[in-house]
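A.B. asks: Make a model of this:
(one chain, ligands or ions: 1)
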Amino acid sequence: METLHIPSTFFPSTLITNALIFSAILGFLSYARRPAQLSYPPGPKGYWLLGLVKVPLIKPWLTYVEWGKKYGDVIHFTRFGRHYVVINSLEAANEILERQARLTSDRPTRSKLDQIADFRRILATVPYGDRWRASRKIFHQNFRAEASVEYRPIEVKHVHRFLDGIADSSEMPLKDRIAILSQIVMFDSVYGLEITTNKEGMSQHARDIIDLNDLLFLPGWDAFKAIPFLDLLPSWFPGGHIRAAHEMVGETFRAAAEGPWGQTMDAMKSDENHSSIMAKLVSENPENKSSEDIELIKNMGMQAVAAAADTTMSAICTFFLAMSLYPDIQLKAQQELDTVLGRGKTPTFDDRSSLPYIEAVYREVMRWHPALPVGLPHGSIEDIYYKNYYIPKGTTISANIWAMTHDESKFDKPDQFIPERHLNKKNDIHSILAFGFGRRVCAGKYMADDMTWLTIASTLATKNISSLPNKNVEDYFSNGGFCSTKSLDCKVTPRSEL
Ligand code: HEM
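C.D. replies: Next comes the predicted model:
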């Protein structure tokens, strides 16, 4: 499926003229609103008054690192009168997104078009408020650390199946197998359902959600939503496709929520042994469940699958790529497994604390190429201040996670994959920056952490991963907000064969 891509050439001249006039007015108003003695954080100014800064859409995290050298670790710009801030340092992220989390936990999804796309359905995109609190609560109940332990047997089952099939790349490319693994664990835990392909049906819906929103989370891309009346244009009118594209997003959410839910309800009727998160939730106090409760449950299921579809897949793909490019590290990790567990034994979660080098490989995967390099955008619900800078209410704030995990003052040779940097450190899940910040921090991070670690440890114990050409690492990765390897051409063979 195409991304929700709105090429600038598609805007007819009248629309562009209106947009520019509107942008000039908004730019002037937002400039005038700023307290006289305070300035916005530094950043590119764009066209005078219009404030229309040209933003990078291809691997933008790299451009923002370059901009940071000129403007500092907090960069501000405007587009169509909307304010954007990109944070390049952990210190600034802690100050703005953690310490001021009460004011910076919104999402920039309050426009008419966002309502048409029904972003309120999804925990990751619902604006901060009561609906977010209710969605986050049910997610937390089912995916907090203690709850996530319950899904470990399902993870072990599917990781072992994945390893059994993985050596045979003739039937299915490695990346597709990893995509299925990332989703099947979620489908099985949440719905008690299994999938055999990532190319059709409910699995494809989860993928579509990611593809449709690939650009949405990039700083500045969504500024066109500030243009008035875009949501009212009929589909036959130039620019009318924008509304249609947002309707399609909403329709995809609906299909992704309803399809597997319906199958689970059928399975519950025909199989008394059926077990899944959905089944557990609908069976608890059924007489007290409102239709709103049922909606929350359905949406949680859909969000869990969609969230894992790309991020967990991305982390596992990054692991395979790293092992292909760094065979010495692969060998060292295998030696630890052989020494601690004995050759050929597949690790369990109980072994995790005895395998510090495997832990370091996992943490380096999460640092070296985070799945969401510029995170998901936060929004400010009131004016806030950082140092002596003013950040107005309604600003979209993005954490450049990639910049933070490649900060040379913290990580020597940050572009290189060096697990040793994590040895003899406090390995706390909360210090993994790839999971984001503040009250919107990843709600599935315990399960993601378990899944990614288990796949890494089990693969290293039983398989050898062949080398890939040592070219520029970025060439292996895709460009958008959800960043993953483009493909994986390495060969995977059983260790017993050598
Ligand atoms: C390696 C895998 C994963 C990574 C790197 C990752 C990363 C992230 C990041 C960066 C955010 C945005 C945080 C912010 O706004 O500052 C996020 C949000 C979220 N993640 Fe994950 N994620 C992963 C896997 C998962 C999984 C498996 C689930 C579901 C079980 C999940 C559920 C969510 C949800 C629901 C949110 C939105 C939370 C909110 O807005 O309140 N994630 N994730």
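
A.B. asks: What residues does residue 482 make contact with?
C.D. replies: 210, 213-214, 217, 310-311, 314, 371-372 (Cβ atoms under 8 Å, 6 or more residues apart in numbering). Where you see a C-beta, it was placed from the backbone N, CA and C, and this is true even at glycine.

A.B. asks: Let's verify residue 168: helix, strand, or coil?
C.D. replies: coil (DSSP: H, G, I helix; E, B strand; the rest coil).

A.B. asks: pLDDT at it, what is it?
C.D. replies: Predicted confidence (pLDDT) for residue 168: 70.

A.B. asks: Residue 25 now?
C.D. replies: 61.

A.B. asks: And for residue 344?
C.D. replies: pLDDT for residue 344: 84.

A.B. asks: can you count the residues close to it?
C.D. replies: 12 (other Cβ atoms under 10 Å).

A.B. asks: Contact partners for it?
C.D. replies: 461-462, 495-496 are the contacts of residue 344 under Cβ under 8 Å, 6+ apart.

A.B. asks: what about whichever strand or helix holds residue 164, near the ligand?
C.D. replies: Taking DSSP states H and E as the criterion, residue 164 maps to helix 152-166. No - using Cβ under 6 Å from any ligand atom, helix 152-166 never reaches the ligand; the gap is at least 10.8 Å.

A.B. asks: Could you list every helix and strand in contact with that helix?
C.D. replies: helix 174-191, helix 445-462 (3 or more Cβ pairs under 8 Å, 6 or more residues apart in numbering; DSSP states H and E).

A.B. asks: Give me the buried positions along the lengthiest helix in the chain.
C.D. replies: Across the chain, the longest stretch assigned as helix under DSSP state H is helix 291-325. Residues 293, 296-325 are the ones in helix 291-325 that count as buried (16 or more other Cβ atoms under 10 Å).

A.B. asks: tell me the average confidence for the helix or strand just after that helix?
C.D. replies: Heading C-terminal from helix 291-325, the first helix or strand you meet, by DSSP H and E, is helix 327-341. The average pLDDT within helix 327-341 is 97.

A.B. asks: quick one: the residue nearest to residue 100 when sequence neighbours are not counted from the ligand, how far?
C.D. replies: Distances taken as Cβ to Cβ, 6 or more residues apart in numbering put residue 384 closest to residue 100, at 5.4 Å, once the chain neighbours are dropped. Residue 384 sits 16 Å away from the ligand, going by Cβ to the nearest ligand atom, to the nearest Å.

A.B. asks: Would you mind confirming that residue 384 makes contact with residue 394?
C.D. replies: No - using Cβ atoms under 8 Å, residue 384 makes no contact with residue 394, being 10.9 Å away.

A.B. asks: coming back round to it: what's next to the helix holding residue 164, contact-wise?
C.D. replies: Contacts for helix 152-166 (Cβ under 8 Å, 6+ apart): 171-172, 174, 177-178, 180-181, 184-185, 188-189, 346, 348-349, 450-451, 454-455, 458-459, 462-463, 492.

A.B. asks: Make a ChimeraX selection of the buried ones in those residues.
C.D. replies: The buried residues among the contacts of helix 152-166 can be selected in ChimeraX (16+ other Cβ under 10 Å) with this line:
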select :172,174,177,178,180,181,184,185,188,189,346,450,451,454,455,458,459,462,463,492
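
A.B. asks: Verify the stated contact: residue 151 with residue 189.
C.D. replies: Yes - using Cβ under 8 Å, residue 151 is in contact with residue 189, at 4.5 Å.

A.B. asks: can you list residues touching both of the two?
C.D. replies: Residues touching both residue 151 and residue 189 (Cβ under 8 Å, 6+ apart) are residue 447.

A.B. asks: picking that back up, just the contacts of residue 482 that are near the ligand?
C.D. replies: Among the contacts of residue 482, the ligand is touched by 311, 371-372 when using Cβ under 6 Å from any ligand atom.

A.B. asks: Turn those into CSV, including pLDDT and distance to residue 289.
C.D. replies: Formatted as CSV, those follow (pLDDT from 0 to 100; distance: Cβ to Cβ, whole Å):
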residue, pLDDT, distance to residue 289
311, 94, 30
371, 96, 34
372, 96, 33
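
A.B. asks: with the residues you listed in mind, which one is nearest to residue 227?
C.D. replies: Using Cβ to Cβ, the shortest approach to residue 227 within those belongs to residue 372, at 26.8 Å.

A.B. asks: Make sure I have this right: that closest one is in a strand.
C.D. replies: No - according to three-state DSSP, the state of residue 372 is coil, so it is not within a strand.

A.B. asks: quick revisit: between the helices and strands packed on helix 152-166, which one is nearest to residue 95?
C.D. replies: Nearest to residue 95 among those is helix 445-462; the distance by Cβ to Cβ comes to 21.8 Å.

A.B. asks: can you tell if that closest one touches the ligand?
C.D. replies: Yes - using Cβ under 6 Å from any ligand atom, helix 445-462 reaches the ligand at 447-448, 452.

A.B. asks: Going toward the C-terminus from that helix, what's the next helix or strand?
C.D. replies: strand 463-465.

A.B. asks: For that following strand, which helices and strands make contact with it?
C.D. replies: Contacts defined by 3+ Cβ pairs under 8 Å, 6+ apart place strand 463-465 against helix 291-325, strand 492-494.

A.B. asks: Give me the residues contacting that strand.
C.D. replies: In contact with strand 463-465 (Cβ under 8 Å, 6+ apart) are residues 163, 166-167, 320, 323-324, 330, 459, 490-495, 497-498.

A.B. asks: and what of stretch 334-342?
C.D. replies: 345, 347, 351, 354-358, 457, 460-461, 495.

A.B. asks: Neighbour-wise, which one of those leads?
C.D. replies: Going by other Cβ under 10 Å, residue 460 tops the contacts of stretch 334-342 with 28 neighbours.

A.B. asks: what angle sits between the helix holding residue 164 and helix 291-325?
C.D. replies: 40 degrees (axes from the mean of the first three to the mean of the last three Cα atoms, to 10 degrees).

A.B. asks: and the angle from helix 152-166 to helix 174-191?
C.D. replies: 160 degrees.

A.B. asks: got the CA coordinates for helix 152-166 in CSV?
C.D. replies: Listed next in CSV are the C-alpha coordinates belonging to helix 152-166 (Å, rounded to 0.1, in the frame of the first residue of the first chain):
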residue,chain,number,x,y,z
ARG,A,152,6.7,-15.8,27.2
PRO,A,153,5.5,-19.4,26.4
ILE,A,154,3.9,-18.0,23.2
GLU,A,155,7.1,-16.1,22.3
VAL,A,156,9.3,-19.2,22.9
LYS,A,157,6.9,-21.4,20.7
HIS,A,158,7.1,-19.0,17.8
VAL,A,159,10.8,-18.1,18.1
HIS,A,160,11.6,-21.9,17.9
ARG,A,161,9.3,-22.3,14.9
PHE,A,162,10.9,-19.4,13.2
LEU,A,163,14.4,-20.9,13.8
ASP,A,164,13.2,-24.2,12.4
GLY,A,165,12.1,-22.6,9.2
ILE,A,166,14.6,-19.8,8.9
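
A.B. asks: Show me which residues of that helix are buried.
C.D. replies: For helix 152-166, by 16+ other Cβ under 10 Å, it's 152, 154-156, 158-159, 162-163, 166.

A.B. asks: ok, whichever residue of the stretch 51-200 of the chain sits closest to the ligand - contacts?
C.D. replies: Using Cβ to the nearest ligand atom, the single residue of the stretch 51-200 of the chain nearest to the ligand is residue 124, 3.6 Å away. Contacts for residue 124 (Cβ under 8 Å, 6+ apart) come out as 107, 303, 307, 376, 440.

A.B. asks: Hmm, residue 74 and residue 390 touching each other?
C.D. replies: No - between residue 390 and residue 74 there is no contact under Cβ under 8 Å: 11.4 Å.
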